[in-house]
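**Student:** Below are the sequence and a predicted model; questions follow.
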Amino acid sequence: MSKINKEIINKVTETLLKKTNKRSTNILVARFGLEQEKKQSLSKIGDSLKITRERVRQIEANALKQLQKSKKDSDFNDVIDKVKEIIIKQGGLCVQSAVGEYLISGLDQVQKNKIMLLLKCSSKLVFNKATLKNNSFWTLKNGIKKKEIESFNQFVINQLNEIKKSIKLKDIKEMIFETKWKSVFTNENGDRKMSMFLLIDKQLKRNLLGEWGIKNWRSVSERGNKEKAYLVLKKKKKPLHFRKIADHINIYWTHKRSLPQTVHNELIKDDRFVLVGRGTYGLSEWGLKGGTVREIIVSLFEKKQDPLHIDEIIDHVFSHKEVKRTTILVNLADQEHFVKKGEGKYFLR
């Protein structure tokens, strides 16, 4: 099998289109977006050719049937065989959006559109169109059925709605351990297969942390600076300055740039975030406390109800706030609130 590259995709596409008449070729080029990224609608093509949209649909369908039955060269067969390998490796199915990238990384949209045409011209693959519920995907002929995928995904959705939190793939595997679904995902490609099942359902989404949840949940929606900042901090597992948070947001989500000051303004108003130093934020779910150094020390005394050694006080403040040691010592020297005893111990006045 020859190595699949952009040149081969272009060559195979040109060879295929020569097998149809000029009008059919023009319709396929427009419908699949073979010359420009945006695909044209049946109505727009019909208007330009002065025929009905239904007639355009018929010509497209007949041209694809003709190309499916036509004799193919070795380059075409190599492309299809490689895609079959990809589908098998992913557990017997692959979402349409991923096929092109798995075949050749870094493709532009026109190249991906050409691959779509090639696959549609193969009798060995089955294309499952996108619906209101599902994303489009490919399977092998006589392969996995859509009903099986939908049934499993509905089971997962029901479980997620019951536990009300996003979870990782290993947790879903534990969830199905004593169900009929266990045998479906036990082969060597079981994890990839389960991921593909989940990627097909439009209600499900995997977030930056690799957790699966319902698409509109806060933990997976990834909409807005606050949700993105939350995921960044969860991923990094430590407090970060708002400028660093903005930098990470712009690395992970490239479609719209976030400004540091905008991030800062939004985080300061959200209870999930705690300002632990000058411009540095952590998550309240980590047990971090906001407020001044003195307020943090007072809260520790109120909790312990005993004199405390200076080392314990310093460790406690450091666990909640990014400050210098001298800042803590200056606060402890405030005799209006704290009294020093022998052997480095303090108590609350």
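**Tutor:** Structure received. Fair warning: this is a prediction, and the values are worked out from it, not measured in the lab.

**Student:** Gly224: neighbouring residues, count only.
**Tutor:** By other C-beta atoms under 10 Å, 12 other residues sit near Gly224. Just so you know, the C-beta spots here come from the backbone N, C-alpha and C atoms, and that holds for glycine as well.

**Student:** what sits against the residue nearest to it when sequence neighbours are not counted?
**Tutor:** Spatial nearest neighbour of Gly224, chain neighbours left out: Glu266 (7.6 Å); criterion: C-beta to C-beta, 6 or more residues apart in numbering. Applying C-beta atoms under 8 Å, 6 or more residues apart in numbering to Glu266 gives the contacts 224-226, 229.

**Student:** Put the alpha carbons of the helix or strand encompassing Glu266 into PDB.
**Tutor:** Using DSSP states H and E, Glu266 falls within helix 260-267. Output of helix 260-267 as PDB, limited to C-alpha atoms (Å, rounded to 0.1, in the frame of the first residue of the first chain):
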ATOM      1  CA  PRO A 260      -6.300  39.100  30.700                       C
ATOM      2  CA  GLN A 261      -8.300  42.000  32.300                       C
ATOM      3  CA  THR A 262     -11.600  40.600  31.100                       C
ATOM      4  CA  VAL A 263     -10.700  37.200  32.700                       C
ATOM      5  CA  HIS A 264      -9.800  39.000  35.900                       C
ATOM      6  CA  ASN A 265     -13.000  41.000  36.000                       C
ATOM      7  CA  GLU A 266     -15.100  37.900  35.500                       C
ATOM      8  CA  LEU A 267     -13.300  35.700  38.000                       C
END
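
**Student:** centre of the chain versus it, how much separation?
**Tutor:** 23 Å (C-alpha atoms, centre = their mean, to the nearest Å).

**Student:** just checking, next helix/strand downstream of it?
**Tutor:** Next element after helix 260-267 (DSSP H and E): strand 273-277.

**Student:** Tell me the helices and strands packed up against that following strand.
**Tutor:** helix 224-236, strand 280-283 (3 or more C-beta pairs under 8 Å, 6 or more residues apart in numbering; DSSP states H and E).

**Student:** what is the mean pLDDT for the last one?
**Tutor:** Across strand 280-283, pLDDT averages out at 91.

**Student:** Same question for the longest one.
**Tutor:** Averaging the model's pLDDT scores along helix 224-236 yields 94.

**Student:** just the angle between that helix and strand 273-277, please?
**Tutor:** 70 degrees (axes from the mean of the first three to the mean of the last three C-alpha atoms, to 10 degrees).

**Student:** okay, and for the chain, where does confidence drop off?
**Tutor:** For the chain, the stretches with pLDDT under 70 are 1-2.

**Student:** picking up where we left off before, which of the contacts of Glu266 has the largest number of neighbours?
**Tutor:** Neighbour max across these (other C-beta under 10 Å) = Ala229, 26 neighbours.

**Student:** Make sure it is actually in contact with Lys269.
**Tutor:** No: between Ala229 and Lys269 there is no contact under C-beta atoms under 8 Å: 12.0 Å.

**Student:** thinking again about what came up before, got a markdown table for the helices and strands packed on strand 273-277, with distance to Ile8 too?
**Tutor:** Below are these laid out as a markdown table (distance: least, C-beta to C-beta, whole Å):
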| stretch | distance to Ile8 |
| --- | --- |
| helix 224-236 | 38 |
| strand 280-283 | 49 |
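
**Student:** tell me the most buried of these?
**Tutor:** strand 280-283 (a mean of 22; mean count of other C-beta atoms under 10 Å).

**Student:** hmm, who's touching stretch 220-227?
**Tutor:** 166, 205-208, 211-215, 218, 228, 231, 249, 253, 258, 262-263, 266-267, 270, 272-273.

**Student:** Can you list the residue ranges for strands in the stretch 151-300 of the chain?
**Tutor:** Ranges of strands within the stretch 151-300 of the chain are 167-168, 204-206, 211-214, 240-241, 273-277, 280-283, based on DSSP state E, counting those that start in this stretch.

**Student:** Was I right to think Phe32 contacts Lys114?
**Tutor:** Yes: between Phe32 and Lys114 there is a contact under C-beta under 8 Å: 7.4 Å.

**Student:** Next one: Gln40 from Ile88, what distance?
**Tutor:** Here the criterion is C-beta to C-beta, to the nearest Å. By it, Gln40 lies 34 Å from Ile88.

**Student:** Which one's more surrounded, these two?
**Tutor:** Gln40 (17 against 14).

**Student:** Please name the spatially closest residue to that one (chain neighbours excluded).
**Tutor:** Ala30 (4.2 Å).

**Student:** residues in contact with the one you found?
**Tutor:** 39-40, 44-45.

**Student:** Which of these are buried, as a PyMOL select command?
**Tutor:** Buried residues among these (16 or more other C-beta atoms under 10 Å), as a PyMOL selection:
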select buried, resi 39+40+45
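
**Student:** taking the contacts of Ala30 one by one, which sit in strands?
**Tutor:** Using DSSP state E, no member of the contacts of Ala30 sits in strands.

**Student:** Let me know the closest of the contacts of Ala30 to Leu199.
**Tutor:** Lys39 (22.0 Å; C-beta to C-beta).

**Student:** Three-state assignment for Val323, please.
**Tutor:** coil (DSSP: H, G, I helix; E, B strand; the rest coil).
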